[in-house]
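J.: Here is a sequence together with a model predicted from it:
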Protein chains: 2
Amino acid sequence: MAERFHLAATDLRTGVLASLDREESHHLLRVMRARPGHVLRVFGAGRDHEAVLVENRGGIAIVEVGREMPSVSPPSVELVFVVPWLKGGRTESVVKKLTELGVSKIIVYAARREVAHGDDAKLARLERVALEACKQCGRSDVPALKCAGDLATALAAGNVSPECSLLLYENETGCLLSSAVRRVFSSQERASDTSFCRALLVASGPEGGLRADEIEAIRDRATVVGLGPRTLRAETAPVAACAAILALCGDF
Amino acid sequence: MAERFHLAATDLRTGVLASLDREESHHLLRVMRARPGHVLRVFGAGRDHEAVLVENRGGIAIVEVGREMPSVSPPSVELVFVVPWLKGGRTESVVKKLTELGVSKIIVYAARREVAHGDDAKLARLERVALEACKQCGRSDVPALKCAGDLATALAAGNVSPECSLLLYENETGCLLSSAVRRVFSSQERASDTSFCRALLVASGPEGGLRADEIEAIRDRATVVGLGPRTLRAETAPVAACAAILALCGDF
């Protein structure tokens, strides 16, 4: 397969002349040393297209978008993840892996027990990480990335109904993730509501765990679930939960 | 909970005087500055015991093993993972996460397309990583770690029957991991063989993918399965597969 480059959704139409962004242009023109006529693939917004490099306009690659190509279909369930900022590049690792697994939206929040906080530069860096993961794993849509000031705000921004929202909590032993996920989908089948959005939101906490007041603030917005008796690290729990859900939904 | 320190299985009996190894002693005596009388927890071989620091003998901590304490039970299925050496500390990351998830044995092999190779120092480092992950996640047994020269040797060392062995392969689209796992367990239930070891082996490939001859060499030793249409990174695939299996078995 030709190497894939990201393009804004509005430019993804056959016959359109479009410019790659600065970083994508740099990779195509400087790293790959592509010349006009070079065939590549462009993607974004869930579609892949063939494209041809037309011109190097002062370091920006101008491409002509060609025919649509087959693209990888998203998971059967729309997955929204709410994760805390973590120290030492571990937020990037989580975003990279959740992107590979097919998550459609990631909201990063500042947890009370975690010193790591987000800013515009960090969010831009996460967007780049997600984009690179899309290229590598072959998906055609880039997950939406957002910042939130705290867990409750992040859940509200997730915009998934409370019945379909789960909070991973290491001290929860009564309700496992798998039982909660099976319950969500069986109740939807019973309701036979085909217009029901098959979306799941999963929120997780920081390395030191969530504070009681953080959990209390969202208690009526999500079901608290556990992932078994071993305490998973903050960077492992959301990735493991995502893979678990994909397996339970038959996507894995 | 008191901080946990690893002890060899033979020393894990109430009333025994035992010495921690050099690294564990350093952490207890130098980092934590514990004095005789300090109460700690020791673990290994699937059990946790209370213990008391008796003496600092030239930098080695001598502890008296006390009563047995409740310990975390292992997953309902014994999990054996076969993973390649990966560059840039990514083997360590995989071992850390598989340990957190409860895997009982990890065999690391040299893949043909991967320049990273193992040696005694790297294996010792992985053992330390696994031990630290055990402390953090609360498990009482340390996973066994082995090296193998190639994929076929690694599978043989795994010692799990071919019917219960799976090979993750990014180009496999016909058989998903979840269907294969369900098939393994339903065939075992039909056989009603209670003596049957509930073990699963999962093997995965390196960043560039497995070579055709590597797959051919183990074709009668494992079922080839896929993890959906997105290509997961070599460090993501085994962790995602492990979480998926735990969810399918009701451990998650």
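T.: Sure, I can see it. Numbers count the residues shown, from 1 in each chain, chains lettered A, B, ... in the order given.
J.: Low-confidence regions, chain A specifically.
T.: Residues of chain A meeting the criterion pLDDT under 70: A:1, A:189-197.
J.: Would you mind listing what in chain A touches chain B?
T.: Applying C-beta under 8 Å from any C-beta of the partner chain, we find that chain A lies next to chain B at A:72-73, A:75, A:96-97, A:100-102, A:136-139, A:176-178, A:181, A:227-233, A:236, A:239-248, A:250-252. (Each C-beta comes from the backbone N, C-alpha and C, glycine too.)
J.: Pretty sure residue A:19 is one of the things residue A:6 touches, is it not?
T.: No - the pair residue A:6 and residue A:19 fails to qualify as a contact (C-beta atoms under 8 Å) at a distance of 11.8 Å.
J.: just checking, residue A:201 is part of a strand?
T.: Yes - assessed by DSSP: H, G, I helix; E, B strand; the rest coil, residue A:201 belongs to a strand.
J.: and it, what are its bridge partners?
T.: Applying DSSP bridges to residue A:201 gives these bridge partners: residue A:80, residue A:165.
J.: buried stuff in stretch A:244-252?
T.: Residues A:244-249, A:251-252 are the ones in stretch A:244-252 that count as buried (16 or more other C-beta atoms under 10 Å in any protein chain shown).
J.: And that stretch, end to end?
T.: Stretch A:244-252 has an end-to-end distance of 9 Å (criterion: C-alpha to C-alpha, to the nearest Å).
J.: do stretch A:224-236 as well
T.: Its first and final residues considered, stretch A:224-236 spans 18 Å by C-alpha to C-alpha.
J.: coming back round to it: and for residue A:6 and residue A:19, which residues touch both?
T.: Overlap of the contact sets of residue A:6 and residue A:19 (by C-beta atoms under 8 Å, 6 or more residues apart in numbering or on different chains) is empty.
J.: burial count for the nearest residue to residue A:99 once chain neighbours are set aside?
T.: Distances taken as C-beta to C-beta, 6 or more residues apart in numbering or on different chains put residue A:133 closest to residue A:99, at 3.8 Å, once the chain neighbours are dropped. Neighbour count of residue A:133, defined by other C-beta atoms under 10 Å in any protein chain shown: 23.
J.: show me the contacts for residue A:133.
T.: Taking C-beta under 8 Å, 6+ apart as the test, what residue A:133 contacts is A:95-97, A:99-100.
J.: Please apply the same query to residue A:198.
T.: Per C-beta under 8 Å, 6+ apart, neighbours of residue A:198: A:76-78, A:185, A:188.
J.: Which ones among those residues lie within helices?
T.: The helices, defined by DSSP state H, take in A:185, A:188 from the contacts of residue A:198.
J.: who wins for most neighbours among the contacts of residue A:198?
T.: Going by other C-beta under 10 Å, residue A:77 tops those with 22 neighbours.
J.: Pull the residues that contact stretch A:32-39.
T.: A:2-3, A:28, A:40, A:50-56, A:61.
J.: if we take these, which one ends up nearest to residue A:67?
T.: Taking C-beta to C-beta as the measure, residue A:67 lies nearest residue A:50 of the contacts of stretch A:32-39, at 5.6 Å.
J.: Quickly find the element holding the closest one.
T.: Using DSSP states H and E, residue A:50 sits in strand A:47-57.
J.: Residue A:16 reaches residue A:65, doesn't it?
T.: Yes - Residue A:16 lies in contact with residue A:65 (C-beta under 8 Å); the separation is 4.8 Å.
J.: out of these two, which sits in the more crowded spot?
T.: Neighbours per residue (other C-beta under 10 Å) separate residue A:16 from residue A:65, with residue A:65 holding more: 19 against 15.
J.: wait, is the more buried one part of a strand?
T.: Yes - per three-state DSSP, residue A:65 lies within a strand segment.
J.: Identify the residues contacting it.
T.: Contacts of residue A:65 (C-beta under 8 Å, 6+ apart): A:7, A:11-18, A:42, A:49-51.
J.: just the strands in the stretch 151-252 of chain A please.
T.: For the stretch 151-252 of chain A, the strands defined by DSSP state E, counting those that start in this stretch occupy A:165-168, A:199-203, A:223-225.
J.: helices and strands around the shortest one, which ones?
T.: With contacts defined as 3 or more C-beta pairs under 8 Å, 6 or more residues apart in numbering or on different chains; DSSP states H and E, the packing partners of strand A:223-225 are strand A:165-168, helix A:177-191.
J.: Quick check: which of the ones you listed is buried the most?
T.: Stretch with highest mean neighbour count among the helices and strands packed on strand A:223-225: strand A:165-168 (a mean of 23; mean count of other C-beta atoms under 10 Å in any protein chain shown).
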